[in-house]
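Chemist: After the sequence you'll find the predicted model.
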Amino acid sequence: EAGVVQSPRYKIIEKKQPVAFWCNPISGHNTLYWYLQNLGQGPELLIRYENEEAVDDSQLPKDRFSAERLKGVDSTLKIQPAELGDSAVYLCASSSIGSGGGEQFFGPGTRLTVL
Amino acid sequence: GENVEQHPSTLSVQEGDSAVIKCTYSDSASNYFPWYKQELGKRPQLIIDIRSNVGEKKDQRIAVTLNKTAKHFSLHITETQPEDSAVYFCAASKNNAGNMLTFGGGTRLMVKP
């Protein structure tokens, strides 16, 4: 079974430029998460989707960040414009209540560097 | 909201020794507590979890204990091996589905051969 897929793995951009990250969750997983992980810290939730619906986006900086999950499968996270402080690893994860509940499966992450 | 504190931030042990990582949480409604292992440059992976209806769970060399009254839980690794070297994250969730996780700050475990 393929795991969570993310692309690109690395992205270097200049500040004020836009950037987008893509995530393909594990097949059949209805819940999808985007996390931000700063160096040496734990993941922090940005947004959680149940199917197509964003059910928790309270930590998403909506002035510059946006996300979508069309058709309840793949998802994209966008930053426009990027700031220096956005440099971090962006992790996507997915889970399924049908799997017994609990385990979130993470993708490899996208390491963003804003210059 | 939930706040999860994790200690220590770094832990160095000799191969074969035991390692203990401790976490405290603030929201008494939390009832699901997973532990994730993240090797350098890799994705976090679940290694063990515990729900609030049990006080201890073991899986080979790893165990987790939960004290709901004190709102803390711990990860115990016995007979540590060099491949146990990684960053370990605890987390807490307010529902059994585990989809409302708040992570601790992580513990970098180094096992010296």
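Modeler: Arrived safely, thanks for sending.

Chemist: going forward, measure contacts between C-alpha atoms and count neighbours the same way
Modeler: OK.

Chemist: Surely A:Gly85 forms part of a helix?
Modeler: Yes: A:Gly85 forms part of a helix when assessed by DSSP: H, G, I helix; E, B strand; the rest coil.

Chemist: list the contacts for it?
Modeler: Counting by CA atoms under 8 Å, 6 or more residues apart in numbering or on different chains, A:Gly85 touches A:Val114.

Chemist: Tell me how many other residues surround A:Tyr33.
Modeler: By other CA atoms under 10 Å in any protein chain shown, the residues close to A:Tyr33 number 26.

Chemist: correction: B:Tyr36
Modeler: Counted with other CA under 10 Å, residues neighbouring B:Tyr36 total 21.

Chemist: can I assume it sits in a strand?
Modeler: Yes: B:Tyr36 sits within a strand when classified using three-state DSSP.

Chemist: can you pull the contacts of it?
Modeler: Residues counted as contacts of B:Tyr36 (CA under 8 Å, 6+ apart) are B:44-48, B:88-90.

Chemist: Settle this for me: A:Gln59 is touching A:Leu45, isn't it.
Modeler: Yes: the pair A:Gln59 and A:Leu45 passes the contact test of CA atoms under 8 Å, sitting 6.8 Å apart.

Chemist: re earlier: please pick the buried ones from the contacts of B:Tyr36.
Modeler: By neighbour count, with 16 or more other CA atoms under 10 Å in any protein chain shown, the contacts of B:Tyr36 hold B:44-46, B:48, B:88-90 as buried.

Chemist: in chain B, which spans are strands?
Modeler: With DSSP state E applied, chain B shows strands at B:4-7, B:10-14, B:19-25, B:32-38, B:45-51, B:56-59, B:62-67, B:72-77, B:86-93, B:101-103, B:107-112, listed in chain order.

Chemist: Which of those sits closest to A:Gln6?
Modeler: In terms of CA to CA, the element of the strands of chain B nearest to A:Gln6 is strand B:45-51, at 15.7 Å.

Chemist: Just want the angle from the closest one to strand B:72-77.
Modeler: In terms of direction (axes from the mean of the first three to the mean of the last three CA atoms, to 10 degrees), strand B:45-51 departs from strand B:72-77 by 130 degrees.

Chemist: Strand B:45-51 and chain A, are they touching?
Modeler: Yes: Strand B:45-51 is in contact with chain A by CA under 8 Å from any CA of the partner chain, via B:45-46.

Chemist: Off-centre distance for that strand?
Modeler: In terms of CA atoms, centre = their mean, to the nearest Å, the centre of strand B:45-51 is found 8 Å from the chain centre.

Chemist: neighbouring contacts of it?
Modeler: Here strand B:45-51 makes contact (CA under 8 Å, 6+ apart) with A:103-106, B:31-38, B:56-57, B:59, B:62-66, B:96.

Chemist: For A:Gln59 and A:Leu45, work out which one has more neighbours and name it.
Modeler: A:Leu45 (23 against 11).

Chemist: Ignoring the adjacent residues along the chain, who's closest to the more buried one?
Modeler: Counting by CA to CA, 6 or more residues apart in numbering or on different chains, A:Leu45 lies nearest to A:Tyr35, which is 4.4 Å off, once chain neighbours are set aside.

Chemist: what does B:Asn67 give?
Modeler: With CA to CA, 6+ apart, the residue lying closest to B:Asn67 is B:Phe73, at 6.0 Å.

Chemist: Hmm, B:Lys22 and the one you found touching each other?
Modeler: Yes: assessed by CA under 8 Å, B:Phe73 is found in contact with B:Lys22 at 6.1 Å.

Chemist: who has more neighbours, those two?
Modeler: Neighbours were counted for B:Phe73 and for B:Lys22 using other CA under 10 Å; B:Phe73 has more, 24 against 18.
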